[in-house]
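> here is the input, now give the coordinates:
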Amino acid sequence: MTKADIVADIAEGTGLERTEALKAVEAFMDSVKSSLSKGQNVYLRGFGSFIVKERAEKTGRNISENKAIIIPAHNVPAFKPSKTFVDDVKTKVRVK
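I've put the predicted structure just below:
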């Protein structure tokens, strides 16, 4: 499913025009990105949490030069689904 599919579903389900639904989706994504950029987690009850995870410094390898390199500590965005979300997917998705 793409962003366009999500916009179409929202437009159909709410009766909004596609342009208005697109603005709502874009505003949601901008809000989540902005919050995570500030180090604030986003919690959506019954859906899940967008969180900032800290990655520790580690040693990696540049395979083209066969040299060890230090990868500095950094933050990455992550999504943690809620228990109800996980249970829904487990019971409704069929494995091919």
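> only C-alpha atoms for contact and neighbour calcs from this point on.
Will do.
> what sits up against the helix or strand containing residue 11?
Residue 11 belongs to helix 3-14 when assigned by DSSP states H and E. Outside of helix 3-14, the residues within contact range by Cα atoms under 8 Å, 6 or more residues apart in numbering are 16, 17, 18, 20, 21, 22, 25.
> quick one: buried ones out of these?
In the contacts of helix 3-14, burial by neighbour count holds for 18, 21, 22, 25, counting by 16 or more other Cα atoms under 10 Å.
> any idea how far residue 47 is from the residue nearest the centre of the chain?
Centroid-nearest residue in the chain: residue 79, 5.0 Å away (criterion: Cα atoms, centre = their mean). As judged by Cα to Cα, to the nearest Å, residue 79 and residue 47 stand 10 Å apart.
> pLDDT on the longest helix anywhere in the chain, on average?
Counting residues, the longest helix found in the chain (DSSP state H) is helix 18-37. For helix 18-37, mean pLDDT rounds to 97.
> excluding chain neighbours, give the residue nearest to the residue nearest to the centre of the chain in space.
residue 50 (4.6 Å; Cα to Cα, 6 or more residues apart in numbering).
> strand partners of the strand or helix carrying that neighbour, parallel vs antiparallel please.
Here residue 50 sits within strand 48-55, counting by DSSP H and E. Strand 48-55 has these partner strands in its sheet, going by DSSP bridges: strand 42-44 (antiparallel), strand 74-81 (antiparallel).
> can I get those in a markdown table including distance to residue 92 and mean pLDDT?
Below are the strands paired with strand 48-55 laid out as a markdown table (distance: least, Cα to Cα, whole Å; pLDDT from 0 to 100):
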| stretch | distance to residue 92 | mean pLDDT |
| --- | --- | --- |
| strand 42-44 | 21 | 97 |
| strand 74-81 | 16 | 97 |
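> okay if I get these as TSV plus distance to residue 90?
What follows is these, written out as TSV (distance: least, Cα to Cα, whole Å):
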stretch	distance to residue 90
strand 42-44	20
strand 74-81	12
